[in-house]
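A.B. asks: Coordinates only, no sequence provided:
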């Protein structure tokens, strides 16, 4: 069945360093890949997404890359700040008639001041 | 636009009771999704509904769980005869009719605790 694997499960970086989180997906028909940030006790919030017709997308300190051949996509956060500390989830979806999302297991990011 | 509204935010039930979770999608959204998040885990898809139709319930447990999205009113996720293992955060998301260019928006979730 559909599956998304996410690594690492925890990541600790020094403030100002970069953080990279990687995901692989199994369904080759997936064409939409969002990333969500979830703070403790809060709902997941979309921070960036990418569709299968592009290989890279950037929004200020956040970027996502997609390798369709390898079925692999990554989140890059540069110049990390303590407020970036949260759990990050990748997801994959076939955006044909629905937005059913298959989520990765999450990465707990800690940015040390 | 008030966003996706879920209630209650917190729900405590004793083992064997029924839990009813409500989700009102964003205005103009006709698709509703329910996800379950166990403590310290990711979100797992449960069910996808449109008005009066269950489109995909591949993530729903076979017993005790049901969902509906009536013509009028919110979507309801019902859990009968709750057990401790049902304790989790249940998130609802909504989206407009499918296609590129739009995203799914999540509600604040209902945190169910079974005692």
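C.D. replies: It's in. Everything quoted here is computed from the prediction, not taken from an experiment.

A.B. asks: what does the lowest-mean-pLDDT helix or strand in chain B contact?
C.D. replies: Least confident element among the helices and strands of chain B, by mean pLDDT, DSSP states H and E: strand B:105-106 (a mean of 87). Identification of contacts with strand B:105-106 by CB atoms under 8 Å, 6 or more residues apart in numbering or on different chains yields A:43-45, B:3-4, B:26, B:29, B:91-95. Glycine gets a C-beta too; all of them are placed from N, C-alpha and C.

A.B. asks: Quick one: residues contacting residue B:39.
C.D. replies: B:87-88.

A.B. asks: hmm, try it at 10 Å
C.D. replies: B:87-89, B:111 (CB atoms under 10 Å, 6 or more residues apart in numbering or on different chains).

A.B. asks: just residue A:9 next, same as before
C.D. replies: A:21, A:87, A:104-108, B:40.

A.B. asks: in chain B, which residue is closest to the centre?
C.D. replies: Centroid check for chain B by CA atoms, centre = their mean gives residue B:34 as the closest residue, at 3.5 Å.

A.B. asks: Roughly how far does residue B:92 sit from chain A?
C.D. replies: According to CB to the nearest CB, to the nearest Å, residue B:92 and chain A sit 10 Å apart.

A.B. asks: What is the burial count for that residue?
C.D. replies: 29 (other CB atoms under 10 Å in any protein chain shown).

A.B. asks: a strand runs through it, doesn't it?
C.D. replies: Yes. Under DSSP: H, G, I helix; E, B strand; the rest coil, residue B:92 falls within a strand.

A.B. asks: mind checking how far it is from residue A:39?
C.D. replies: Applying CB to CB, to the nearest Å, the value for residue B:92 to residue A:39 is 18 Å.

A.B. asks: likewise residue A:5?
C.D. replies: 23 Å.

A.B. asks: Please apply the same query to residue B:7.
C.D. replies: Distance from residue B:7 to residue A:39, by CB to CB: 21 Å.

A.B. asks: and the two? which has more neighbours close in?
C.D. replies: Each of residue B:7 and residue A:39 has its neighbours counted (other CB under 10 Å); residue B:7 has more, 15 against 12.

A.B. asks: didn't that one look like it was pressed against residue B:110?
C.D. replies: Yes. Between residue B:7 and residue B:110 there is a contact under CB atoms under 10 Å: 7.2 Å.

A.B. asks: got the end-to-end distance for stretch B:45-56?
C.D. replies: End-to-end distance for stretch B:45-56: 10 Å, by CA to CA, to the nearest Å.

A.B. asks: ugh, typo on my part, it should be stretch A:59-72
C.D. replies: End to end - CA to CA - stretch A:59-72 spans 20 Å.

A.B. asks: Does that stretch reach chain B?
C.D. replies: No. Legend: contact between stretch A:59-72 and chain B by CB under 10 Å from any CB of the partner chain is lacking; minimum distance shown is 13.8 Å.
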